[in-house]
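**Student:** Got a sequence here, can you build the structure:
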Amino acid sequence: MSVDLHYNNPLIASLSDAIVCLDQDFLIKWWNPAARKLLRLKSQHKHQAITGIINNTDFTEFLKDPKDSVQCTLKNQ
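**Tutor:** Below is the predicted model:
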């Protein structure tokens, strides 16, 4: 699945589910407030590898073969 997201989309920002968007190298590009709270993300985490935040073998394996992931493209409004 592919989804276009906008950085300042109030609907995406207001979701209670944590959303983190990554680039093709699994670097953090964007997150919503729920993800910031759950993962304790700060501005310095932008462009950092998600595996530095979520250090879990199962998660790392999922990243290698993300069959159920959602591809998203972020656009500035």
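**Student:** Return the distance of residue 47 relative to residue 10.
**Tutor:** Distance, residue 47 to residue 10, by C-beta to C-beta, to the nearest Å: 24 Å. All C-beta atoms are positioned from the backbone trio N, CA, C, and that covers glycine.
**Student:** Which one of these two is surrounded by more residues?
**Tutor:** It is residue 47, of residue 47 and residue 10, that has more neighbours when counted by other C-beta atoms under 10 Å, with 10 against 7.
**Student:** tell me the phi and psi of residue 21?
**Tutor:** The phi/psi pair for residue 21 (degrees, to the nearest 10) reads phi -100, psi 140.
**Student:** Give the helix, strand or coil label for the closest residue to it other than its chain neighbours.
**Tutor:** Excluding the flanking residues, the one nearest residue 21 by C-beta to C-beta, 6 or more residues apart in numbering is residue 30, at 4.5 Å. Following DSSP: H, G, I helix; E, B strand; the rest coil, we place residue 30 in the strand state.
**Student:** would you put the C-alpha positions of stretch 46-57 in CSV?
**Tutor:** Extracted C-alpha coordinates of stretch 46-57, given in CSV (Å, rounded to 0.1, in the frame of the first residue of the first chain):
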residue,chain,number,x,y,z
LYS,A,46,15.2,13.1,12.8
HIS,A,47,17.4,11.4,10.2
GLN,A,48,18.6,8.8,12.8
ALA,A,49,18.1,5.1,12.2
ILE,A,50,14.8,3.7,13.6
THR,A,51,16.8,0.7,14.9
GLY,A,52,18.6,3.0,17.3
ILE,A,53,15.2,3.8,18.8
ILE,A,54,13.5,0.5,18.6
ASN,A,55,16.2,-2.1,19.4
ASN,A,56,14.4,-5.3,18.9
THR,A,57,15.4,-8.3,16.8
